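>>> What follows is a protein structure lacking sequence information:
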């Protein structure tokens, strides 16, 4: 195996899954019109409309950061604000992209257990300032699954949105790992998005086994006016778009996307069970998707790193391990064996 | 052949060339660290430094529009202006991306024969306004090859730069088809870039047979400070960057990139010769790279379109035909046969 | 007289007219709530609503550049374009402010006689590009009076708007010298603005004798949503706003604003007549407001400058002389006497 | 007295002080060249250079929000961050202007007693993230006096800067109430600015008795390149600039600015003493400048408001009372009498 150590570092250290690869190979036959005027793109968009059971607008961009930032920029003006959880990717890992693409919107940070926005705190942020000396709240952004690998249960999302929707804010969902959430909830994609108030979903392709493609899905089509111009101006219009859309086309067939997501989720469960069994190791969040956050003993953490395992350290001393479509049970077992061995 | 008609519409209707495809397949083995911390990226950057015979800074982004706009944004502030030819891609085909990424810089339009900036007109634009009610010129952007498929000869670039460099402006080169230019000039890449004053080159990958990758090459490293932060904020940081850099890595080996560019240029020559031989067809620009601009008779133009051939119409009634790494002599002959047949 | 030479250089070299000064003195009594929550501001807004015979939204900002740029930013997004005459202030004298505040909108330049947009050329600009590689036209901006001191007759504005309004563009009026236009046309302000299609008017205060205040008047109130937040974020919310609004309050009483504008217009007529009578001097534009553009002989121009007269030189060798509320017939006569003397 | 209630609401409810008014009257004589090309502006700039004992660059803008935002935009790019106290005006009262003018910079919030940044927390913010997924800290912004009416003692500022200056960040000072700070410290303006590391000072005019003018003073002139273009593009170039600069010119003579600031500070002391003597009233911050923050009893607070007194309520239930150049001892006594009466 090449570079085994980094496989749990992120779900983007795995490459392109076989089905997506085949789809790209197919798209590489012959010549095709540029900028999405091709059959792969048309079919992928239609499939997404079928999946979500509604006539949504679909756009493909290259990265999750671009997807979120462009979507948010469509929902607010520079003097507005976006409310997000304090650990949200839009706040912590996009280098100010939402602020940049919206030309200055401020992100207001909500607290909440397990990476999920607390409705009371969101209400506080919305209502605390009404004067024009402070950006006006205009969007609530939630992550599904969250940065902590947890998932909003449909009822939780409902409660949150019920408490907020009267305040004239839009609802955006960062679904970089939306597939893992759907797989975990075993729910209808429509139910947990637009039927729950979501107006725009950023649906992640990269982390479910594709390369360089994310879908921005507008359920509220009045918000996507001229969005393709916005993408082009932002350098996000793919001239060879078929290589992106063909991947979507293939993975959306026969529920392949869910198969991969389910696989990653299951291995995360396996990893979590194994880690819990190790003395001194403590899980930090409920494992509901494909991420495992654990507090290791200093000894275990140090020796795992020395052994070449790579993983991010999060606030509070936790280690994050991500599983992907490519992770195998053997990989998990190898990590667990090392961890167990180092804990003795 | 799939969709033969669109093959001359642009050099991005061809897909990924075999060598780039193999490189991506290789990059798809195992796991690799994200965001460019991988051996493919390191090697590709080193190869570019070797190619340009200097310790330049290299960044990979997804599109030519992003490459140009981010590079220009590094060279000027919002109250500055960028001088470019009136037909330049940054003016005519990037939907205001340079203005967006620089937060408002104005593009001043220079005239000039054959898509090349006229030095006297550039000087006029630089010196016409010194007051603070007008954006201050800060960058000259040239395209090599140009939007009209012509090429700055080294002496022409020298003359232009000699006339401008005393005015405190930076020199940017839009090299979306830089490969075609180098192949045509048979010159050293270093000679026609930094040794001629170019401080930043946007080196196109897409149009020479790659997918979703362009390189921004800073020869003046003082201009690239924190450029990777800029890329990340702009949604241009590729988490699976190895799929981009591996393509560069492979095509930069053994002059493969030039082989493809030379092939495209030669077929453009062939196409030009054939078109010239048709009664009533007139070439609009000297064919120096991989583009052929021709004025067809209305009859020929209409019937070619009816026959399914796709091509862009440019100002003045011209038709543009682009050749790529994938174009074959048979393709050219088929187009010519149709055109000749329709001209009778 | 202090610095007599610069009085014709611009209509902003004159200071604050006596009535505006008295109004500021009155506003300086006692304490008043900040940011426009004061009686002067309330009354001035109501007076503007009365003047325009409609329930418009009114905002006061500091400069004409800010007024135009903020208004335009409300009418378009970064990937849109604004059509304006090639000599318009938004293009030639605002240092890219429209591009900055809109975060990148492009200004498309219309031609037209006498500083007025030609309807056919505007239609060409609107329809020339429909693809998403180019900013989508969204606003037509007209200046009343124009940069050349001419005025759209109501019928001309009607013809222009009739030819454009079907294309989904907004109509903005740069009225830095709106007072001079109204005085010249002797028309109802309502008739030549919203009844003629204007959705936002930037109504200039500075050039009619006030200091540091312009009014942005939204006739289409759906376009002014959260505009006060926009002003605040842009650094244009005046904490001591009463000093601005009190000036408006006073000048809008009893038609004072028109009296001053009429005075300036009349002296421009007088100056024009005088210049025409001088051998070799040629008027360049019809004098319809408070500006006189004339082609002087080199001898006259040089000697006027040597004598201390200041005036701007415009494209084509013309000299611009502006009259203001403060210009006197004696001032005009002095300039004419010098010019006549130097022409011998 | 007009509107007595609002006089303690802010130090901008007072109008223009007599000396500034006289200066404007003088500037209103005759004609003067526009945009700062006048003797008042030249003299005011020179006086500021004398005051600060160094060859600084000086620019006049209209508002404190614009001053801060434009200064910060000169110190950082969109992918950088600005560190400021969590109660700083740039964070809490400028509606995202710093984010807007810098095109997306994030403000990182430092904690610290009494509105002053804690050096350890600032260091934490600077060093917590080195990766390119998060904006890179580039500026430390301090307020002098602070939002809580406290003042950095020279030694405190020294300690803060000593702990930060090795980290390649610039030092910006929001001096909206710089005059009050200087008056309180009785220190040399040079000592507590550039000799203490400050590279740019936003020196407030409005709150010390002027109208519509703030000075941006660059001690590090390498940071002010083309700043006048930046101001113009931002709609902050005053065509009748003499009305702003004349005020500065006059107040900088004979230490008038300090006289007014000292007066306001003394009345704040008087007010603080009086409030402290009232049962149940508690001062929330040491009174070092012209602001008094007090926790009133609910009874006193309610009845003061009912009696027409206006004051802002701050976090934690405190009331803020501001004194200005115009506040009199009688005003203070009237407020105290009411408060005392209501507390019985």
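Right, received. Where do you want to start? Quick caveat, the model's predicted, so the values are computed rather than measured.
>>> Near the closest residue to residue A:147 other than its chain neighbours, how many residues? Count them for me, please.
Using Cβ to Cβ, 6 or more residues apart in numbering or on different chains and skipping the chain neighbours, the partner closest in space to residue A:147 is residue A:87 (4.6 Å). C-beta: built from backbone N, CA, C; applies to glycine. A count of neighbours around residue A:87, defined by other Cβ atoms under 10 Å in any protein chain shown, yields 21.
>>> just residue A:276 next, same as before
13.
>>> quick one, phi psi at the nearest residue to it once chain neighbours are set aside?
Of all residues not flanking residue A:276 in the chain, residue A:283 sits nearest, at 5.9 Å (Cβ to Cβ, 6+ apart). Backbone torsions for residue A:283, taken as degrees, to the nearest 10, come to phi -70, psi 140.
>>> Can you classify residue A:72 by secondary structure?
Secondary structure, DSSP: H, G, I helix; E, B strand; the rest coil: residue A:72 is helix.
>>> err, residue A:34, not the other one
Once three-state DSSP is applied, residue A:34 turns out coil.
>>> so for stretch A:283-292, what's the average pLDDT?
Average pLDDT, stretch A:283-292: 97.
>>> thinking again about what came up before, my understanding was that the residue nearest to residue A:147 contacts residue A:113; is that so?
No - between residue A:87 and residue A:113 there is no contact under Cβ atoms under 8 Å: 11.0 Å.
>>> how about the nearest residue to the most centrally placed residue in chain A, chain neighbours excluded?
For chain A, the residue nearest the mean C-alpha position is residue A:176 (1.6 Å; Cα atoms, centre = their mean). Sequence neighbours aside, residue A:204 is the residue nearest to residue A:176 in space, at 3.8 Å (criterion: Cβ to Cβ, 6+ apart).
>>> Spell out which parts of the stretch 101-250 of chain A neighbour chain B.
Within the stretch 101-250 of chain A, the positions adjacent to chain B are A:101, A:103, A:206, A:211-212, A:229, A:232-240, A:242-244 by Cβ under 8 Å from any Cβ of the partner chain.
>>> got the residue ranges for the strands in the stretch 201-344 of chain A?
A:214-218, A:282-283, A:291-295, A:312-314, A:318-322 (DSSP state E, counting those that start in this stretch).
>>> can you put the ones you listed in JSON lines and add mean neighbour count and distance to residue B:46?
Listed next are the strands of the stretch 201-344 of chain A as JSON lines, based on neighbours: other Cβ atoms under 10 Å in any protein chain shown; distance: least, Cβ to Cβ, whole Å:
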{"stretch": "strand A:214-218", "mean neighbour count": "26", "distance to residue B:46": "30"}
{"stretch": "strand A:282-283", "mean neighbour count": "14", "distance to residue B:46": "42"}
{"stretch": "strand A:291-295", "mean neighbour count": "25", "distance to residue B:46": "35"}
{"stretch": "strand A:312-314", "mean neighbour count": "14", "distance to residue B:46": "28"}
{"stretch": "strand A:318-322", "mean neighbour count": "24", "distance to residue B:46": "30"}
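>>> how's chain A carved up into domains?
A:18-255, A:256-340 (automatic domain parsing).
>>> Just name the most buried of the ones you listed.
Highest mean neighbour count among the domains of chain A (mean count of other Cβ atoms under 10 Å in any protein chain shown): domain A:18-255, with a mean of 23.
>>> Averaged pLDDT, that one. What do you get?
Average pLDDT, domain A:18-255: 97.
>>> what distance separates the start and the end of it?
Domain A:18-255 stretches 15 Å from its first residue to its last (Cα to Cα, to the nearest Å).
>>> Tell me the residues of chain A that contact chain D?
Residues of chain A found near chain D (Cβ under 8 Å from any Cβ) are A:78-79, A:81, A:92-97, A:99-106, A:132-135.
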